[in-house]
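Colleague: generate a structure from the sequence data that follows.
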Amino acid sequence: QVQLVESGGGLVQAGGSLRLSCAPSGRTFSSYATGWFRQAPGKDRQFVAAISWSGGSVHYANSVKGRFTISRDNAKNTVYLQMNSLKPEDTAVYYCAADLYYSGSDDHPDEYDYWGLGTQVTVSS
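Modeller: Numbering: from 1, shown residues only. This next block holds a predicted model:
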């Protein structure tokens, strides 16, 4: 069992930046691919980005390409999501998730094995 903890959310103006972090509680997750998802009120959980366990493969949703960057530091047991040029439509609860059997393009929540509780990101216009 892997328990994930997200941090770094908050309130930011449009055009601003935030960096989210995801770390496991109590064990390493360097052997897992990690993804970020987001969910706005009344909407389905949406894929944002994913990174392989080595960091050598990354995958982004079209809506965040060129603005968001996913990375990981396995020595620190942490995955990051750098979010730049934020827009009001990026407002959501952001979740990180771990995937033991990553195919390189896993972008559906059902493909991920463990989840955090989420962190709120609010972008004001």
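Colleague: how close does the residue nearest the centre of the chain get to residue 14?
Modeller: By Cα atoms, centre = their mean, the chain has its centre lying nearest to residue 36, at 2.3 Å. Taking Cβ to Cβ, to the nearest Å as the measure, residue 36 falls 20 Å from residue 14. All C-beta atoms are positioned from the backbone trio N, CA, C, and that covers glycine.
Colleague: my guess is the residue nearest to the centre of the chain contacts residue 71. True?
Modeller: No. Using Cβ atoms under 8 Å, residue 36 makes no contact with residue 71, being 11.2 Å away.
Colleague: quick one, strands of this structure?
Modeller: Along the chain, the segments classed as strands by DSSP state E run 3-7, 10-13, 18-25, 33-39, 46-51, 58-60, 68-73, 78-83, 92-99, 114-115, 119-124.
Colleague: among these, which comes closest to residue 105?
Modeller: Of all the strands of the chain, strand 58-60 sits nearest to residue 105, with 5.6 Å by Cβ to Cβ.
Colleague: for that closest one, packing partners?
Modeller: Secondary-structure packing of strand 58-60 (3 or more Cβ pairs under 8 Å, 6 or more residues apart in numbering; DSSP states H and E): strand 46-51, strand 68-73.
Colleague: which one of the strands of the chain is the most hemmed in?
Modeller: strand 33-39 (a mean of 25; mean count of other Cβ atoms under 10 Å).
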